[in-house]
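Enquirer: have a look at this prediction, sequence included:
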Amino acid sequence: MRKRILKTRTFIILAVITSLFVQGMSADAAELNVPPKGFKALFNGKNLSGWYGWSTKNPEDLWSMSADDQAAYKKKSLEDVNQHWSVQDGILVNDGHGLYLTSEEEFSNFELLIDYKTVPKADSGIYLKAVPQVQIWDYTEEAKFGIGADKGSGGLWNNSKGAKGKDPLVRADKPFGEWNSFRIRQIGSRTWVWMNGKLLVDNAIMENYFDRSRPLFPQGPIQLQTHGGEISWRNVFVREISPDEATDILRESADDKGFVSIFNGKDLSGWQGATASYDVVDGAIQCRKGTGGNLFTEKEYSDFVVRLEIKTPPAGNNGLAIRYPGKGNPAFDGMTELQVLDVEYPGKLAPYQFHGSAYSMVPAHRGYLYPAGHWNYQEVTVVGSKIKVELNGSVILDCDLADVTDEAKIKQHPGKDLKSGFFGFAGHNDPVQFRNITIKELK
C-alpha cells in the first residue's frame, strides 16, 4: 500500500515537473520572435508562413516568370521545405539539407537582426537580396582554415579574394551550443555586419555573385542557407531603411579625409558660369525652373573624387559636368556629362540617357535612383579616362572612356580625352537640387 502511495506521489511530482517544464518552454517560446520597436518579425515562431524554397540560383530566373508560374513554383518548393525545416518551441530548425528558406518579402535598404545556433562542421550563411552571403561556419574545422574558417563567421565570403569585407575584422563566434546574434545593415550594395556586439564588416561593397560586373539587385529576399549541418534560427527581425535615412548613413559613414567642401550652403561663392540661373535654397544649389546653363567651379580638376547629394523633382533633368572646358556643351565639349535624370522622365529614352550614364557613350545600371523628392547620395571617381559612379551605395557605372572607339562617337565627343577641366552642373530647365558637395583631388 505504501509503495503504491509513493508511486502515486512520484507520478504526481513528475507530472507537476513536466507540466512546469512544458509551461516554461511555452513561456520561453512566447518571449521569442517578438520584434523590437521599429522592426517586424519575418518568422512568426509558429510555422513557415511567408517563406518558400530557393537555392544558390540567380533570382532573376524566378522574377522573369509570370505571376502564375512564380506562385506554382513557390507552392511546389514547400514540399522540399517541409521535409527539412521545422518549428520547435518557437525556433526554426533545419536538418542541414534541402532548399534554402527564402522570404516572400523583398527588401532594398534594411537592417536585419537574427540569432543562430549550429553544430561542428556545419557550413551555412545568410543571403542578402538573394545573393550569397554572410558566412556561417565552424571556426575550429582545420580542414577549412585554408579558405578562411579560422577567421570566424560573418564575412562576405563570396566577395573576390582580397576585397574589403571578405574576411571578418575579428572572430566573434561563440562556442557550439550557444546562440550567436547578428545585426546586418545593407544600403544598396554597402554592407555592415555585427555579431555578438562586434563589428565584423564595415561599410564594404557586397559583390553580386551571379554577375560581378553588376551591383546587387535593387531589392531581393532574405535567404537562410542550408549546408550539411543542423542549424537553428530565431528572432528574425527586419527594419526597412527609408531613402532619406539611407542617404544620411552613407554620408556619415564615408571617410572624409582629404575632401574639401566646394559649396558653402549659403551662396555661389567659388562658382562661375550661369550663376543667374541657379539659386541657393535651403542649403542646396537649385537650378531655376525654366532656365538652364552650366554652373561650374572656379577651379579646374584633373583626377578627383566628388561626393554630393542630389534631389530631383518629378521628371527632373540635369547633369554633372566632368572636366568641362568652360565653354560649349559639357556632354560633348567636356570629358562627359553624367546624367541626372528622374525615373519619371517622359518618352522613350536610350540606355545611355538614364541617371548616371556617360551621356551618349556608356549606359549606367538602372533601378538605383530614389523616387523624386528624396535625396540621393552619389560619389563620382575620375582617374585618367576612367569614371566610376556610385549611387546610393551601388556602383552603377564603372567604365573607361578610352574603350569608346566608335568613330561616330569619337567625332561627336571631341572633349572626351580632356585631362582636366571644371566640375559643375548642366541645367536643363528643372529645379534639380545639389547639396553637401565635397571633392578630393587625387593628383
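Expert: Here it is on my side, so go on.
Enquirer: distance-wise, check the spatially closest residue to residue 156 that is not a sequence neighbour relative to residue 316.
Expert: Distance criterion CB to CB, 6 or more residues apart in numbering; nearest residue to residue 156, sequence neighbours excluded, is residue 165 at 4.2 Å. C-beta coordinates here come from the backbone N, C-alpha and C atoms, glycine included. Distance, residue 165 to residue 316, using CB to CB, to the nearest Å: 34 Å.
Enquirer: before we move on, the earlier item: pretty sure the residue nearest to residue 156 is in a helix, no?
Expert: No. Applying DSSP: H, G, I helix; E, B strand; the rest coil, one finds residue 165 to be coil, outside a helix.
Enquirer: low-confidence ranges in the stretch 201-350 of the chain?
Expert: Within the stretch 201-350 of the chain, no range satisfies pLDDT under 70.
Enquirer: residue ranges in the stretch 1-150 of the chain under the pLDDT threshold?
Expert: Ranges of the stretch 1-150 of the chain meeting pLDDT under 70: 1-30.
Enquirer: strands along that one, start to end?
Expert: 40-41, 51-54, 85-88, 91-94, 100-103, 110-118, 123-128, 131-137 (DSSP state E, counting those that start in this stretch).
Enquirer: beta partners of residue 434?
Expert: residue 285, residue 310 (DSSP bridges).
Enquirer: count the neighbours of it for me.
Expert: 23 (other CB atoms under 10 Å).
Enquirer: cool, and the one 3 residues further on?
Expert: The local packing of residue 437 (other CB under 10 Å) involves 21 other residues.
Enquirer: surely it touches residue 262?
Expert: Yes. With contact defined as CB atoms under 8 Å, residue 437 reaches residue 262; the gap is 5.3 Å.
Enquirer: list the buried ones in stretch 200-218?
Expert: 200-201, 203-210, 215-218 (16 or more other CB atoms under 10 Å).
Enquirer: relative to the whole chain's centre, how far out is it?
Expert: 7 Å (CA atoms, centre = their mean, to the nearest Å).
Enquirer: with stretch 291-310 instead?
Expert: Offset of stretch 291-310 from its chain centre (CA atoms, centre = their mean): 27 Å.
Enquirer: need the distance between the two termini of it.
Expert: Counting by CA to CA, to the nearest Å, you get 18 Å between the two ends of stretch 291-310.
Enquirer: what does stretch 252-264 give?
Expert: 18 Å.
Enquirer: any chance of the strands of the stretch 1-150 of the chain in JSON lines, with mean neighbour count too?
Expert: Formatted as JSON lines, the strands of the stretch 1-150 of the chain follow (neighbours: other CB atoms under 10 Å):
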{"stretch": "strand 40-41", "mean neighbour count": "14"}
{"stretch": "strand 51-54", "mean neighbour count": "24"}
{"stretch": "strand 85-88", "mean neighbour count": "16"}
{"stretch": "strand 91-94", "mean neighbour count": "22"}
{"stretch": "strand 100-103", "mean neighbour count": "26"}
{"stretch": "strand 110-118", "mean neighbour count": "21"}
{"stretch": "strand 123-128", "mean neighbour count": "24"}
{"stretch": "strand 131-137", "mean neighbour count": "24"}
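Enquirer: closest one to residue 395 among those?
Expert: Minimum separation from residue 395 across the strands of the stretch 1-150 of the chain (CB to CB) falls at strand 131-137, 14.5 Å.
Enquirer: using PDB, write out every CA atom in stretch 422-435.
Expert: C-alpha atoms of stretch 422-435 as PDB (Å, rounded to 0.1, in the frame of the first residue of the first chain):
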ATOM      1  CA  PHE A 422      36.000  72.300 -64.300                       C
ATOM      2  CA  PHE A 423      33.300  70.400 -62.300                       C
ATOM      3  CA  GLY A 424      29.800  71.600 -62.400                       C
ATOM      4  CA  PHE A 425      26.100  71.200 -63.300                       C
ATOM      5  CA  ALA A 426      24.400  71.200 -66.700                       C
ATOM      6  CA  GLY A 427      21.000  72.700 -66.100                       C
ATOM      7  CA  HIS A 428      18.000  71.700 -68.300                       C
ATOM      8  CA  ASN A 429      15.200  73.900 -67.100                       C
ATOM      9  CA  ASP A 430      14.200  71.800 -64.000                       C
ATOM     10  CA  PRO A 431      14.700  72.700 -60.300                       C
ATOM     11  CA  VAL A 432      17.100  69.900 -59.500                       C
ATOM     12  CA  GLN A 433      19.000  70.400 -56.200                       C
ATOM     13  CA  PHE A 434      22.500  69.600 -55.100                       C
ATOM     14  CA  ARG A 435      24.000  69.800 -51.600                       C
END
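Enquirer: all helices for the stretch 151-300 of the chain, in order.
Expert: 243-253 (DSSP state H, counting those that start in this stretch).
Enquirer: which residue ranges of it form strands?
Expert: Remark: strands assigned in the stretch 151-300 of the chain by DSSP E, counting those that start in this stretch are 180-187, 190-195, 198-205, 222-224, 231-240, 260-261, 271-273, 278-281, 284-287, 292-301.
Enquirer: is it possible to get JSON lines of those that adds distance to residue 51?
Expert: JSON lines is the format used below for the strands of the stretch 151-300 of the chain (distance: least, CB to CB, whole Å):
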{"stretch": "strand 180-187", "distance to residue 51": "18"}
{"stretch": "strand 190-195", "distance to residue 51": "22"}
{"stretch": "strand 198-205", "distance to residue 51": "25"}
{"stretch": "strand 222-224", "distance to residue 51": "9"}
{"stretch": "strand 231-240", "distance to residue 51": "10"}
{"stretch": "strand 260-261", "distance to residue 51": "47"}
{"stretch": "strand 271-273", "distance to residue 51": "53"}
{"stretch": "strand 278-281", "distance to residue 51": "47"}
{"stretch": "strand 284-287", "distance to residue 51": "43"}
{"stretch": "strand 292-301", "distance to residue 51": "50"}
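Enquirer: and residue 147, which of those strands is closest to it?
Expert: That would be, of the strands of the stretch 151-300 of the chain and by CB to CB, strand 198-205, which comes in at 16.9 Å.
Enquirer: gap between the residue most central in space within the chain and residue 89?
Expert: Closest to where the C-alpha atoms of the chain average out (CA atoms, centre = their mean) is residue 188, at 2.7 Å. According to CB to CB, residue 188 stands 37 Å off from residue 89.
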